[in-house]
Structure formats: C-alpha cells, structure tokens
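Visitor: Here's my sequence, what's the structure:
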Amino acid sequence: MSMHDPISDMIVRIRNGQQNKKRYINIPASNIKVNIANLLKNEGYISNFDIIKIKNKSIIQIELKYFNNLPVIEYIKRISKPSLRIYKKARDIPKVISGMGIAIISTSKGIMTDRKARHLKLGGEIICYVF
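Guide: Reported below is the predicted structural model:
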C-alpha cells in the first residue's frame, strides 16, 4: 500500500502518540522525516530520536516530551499538502503565535525554522506549524 503523504503520516503519529500518552512512537524513516525530527529535537519539542534498522527497513523512534504530564507539542498541523503546495517568500513567511511557535520550512538550503529562513532571506514550502 502506497502512502500519498508521508509527512502528514508523521505529524498524525506524533499527535496521536501524545494524546495517548505514549513515550515512544515509530515512524518509517526518510531523509526529510529525519530532518524534521532533528529540528523538533533542537527546538525542544521532542526529547530524542533514534534511527533503528529492522529487517532492512529504517524506522525513526521518537521519544515524545511531556511537561507536568502534558504534551510539549500543543498543536502541530500540516500546511502544504501534495494537493495544494504553499510557498512563501522570505518576507511573507508567517510568525506562528507571534514567534512563540515555529513554522518548519523546506528551502533550497534544507529544512529549517521560519526564524532561520527569514534570517538567511530564504523562502520555501511551509511544511507545518508547531507550538
């Protein structure tokens, strides 16, 4: 069975895992998902992640983060979809909750936060919002 939007699948697994108070979730690995997980870790939204090989398949195991028994990620939403891509220039990249959250942007220089993209004056595809 083919998956039409693997990034949406990753976002939904994170959201569902936190709703069910899971400590770890597993996601099929790809380079873009590893980059997104690395960005979420660096921004403090997840505790850690590891790449595990099981029967010639790579899986990302994400350790979800909680504070006072509440998920650190209150909101995560896919913005640009395969059916409707959303591209923004550097000056038009929105600030999520006045800079309290992040937008994950896919640019020509790789996956980065909205702050870094604005600083480097790079536009790109808005993957998701997180806060």
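Visitor: Now name the helix or strand holding Gln18.
Guide: Using DSSP states H and E, Gln18 maps to helix 6-19.
Visitor: State the next helix or strand along the chain beyond that helix.
Guide: Next element after helix 6-19 (DSSP H and E): strand 24-28.
Visitor: chain center to that next one, what's the gap?
Guide: 13 Å (C-alpha atoms, centre = their mean, to the nearest Å).
Visitor: tell me the contacts of the residue of the chain positioned farthest from its centre?
Guide: Centroid-distance maximum for the chain: Lys55 at 25.7 Å, with C-alpha atoms, centre = their mean. Contact analysis of Lys55 by C-beta atoms under 8 Å, 6 or more residues apart in numbering lists nothing. For the C-beta atoms, the positions are set from N, CA and C on the backbone; glycine is no exception.
Visitor: Okay, buried residues for stretch 113-125 please.
Guide: Neighbour-count burial for stretch 113-125 flags Thr113, Asp114, Lys116, Ala117, Arg118, Leu122, Gly123, Gly124 (criterion: 16 or more other C-beta atoms under 10 Å).
Visitor: hang on, I meant stretch 51-65
Guide: In stretch 51-65, counting by 16+ other C-beta under 10 Å, buried: Ile60, Ile62, Leu64, Lys65.
Visitor: from the middle of its chain, how far away would the helix or strand harbouring the second one be?
Guide: Element membership for Ile62 (DSSP H and E) is strand 57-64. Centre-to-centre, strand 57-64 and its host chain are 13 Å apart (C-alpha atoms, centre = their mean).
Visitor: Okay, angle between it and strand 24-28 too, please.
Guide: Strand 57-64 runs at 150 degrees relative to strand 24-28, counting by axes from the mean of the first three to the mean of the last three C-alpha atoms, to 10 degrees.
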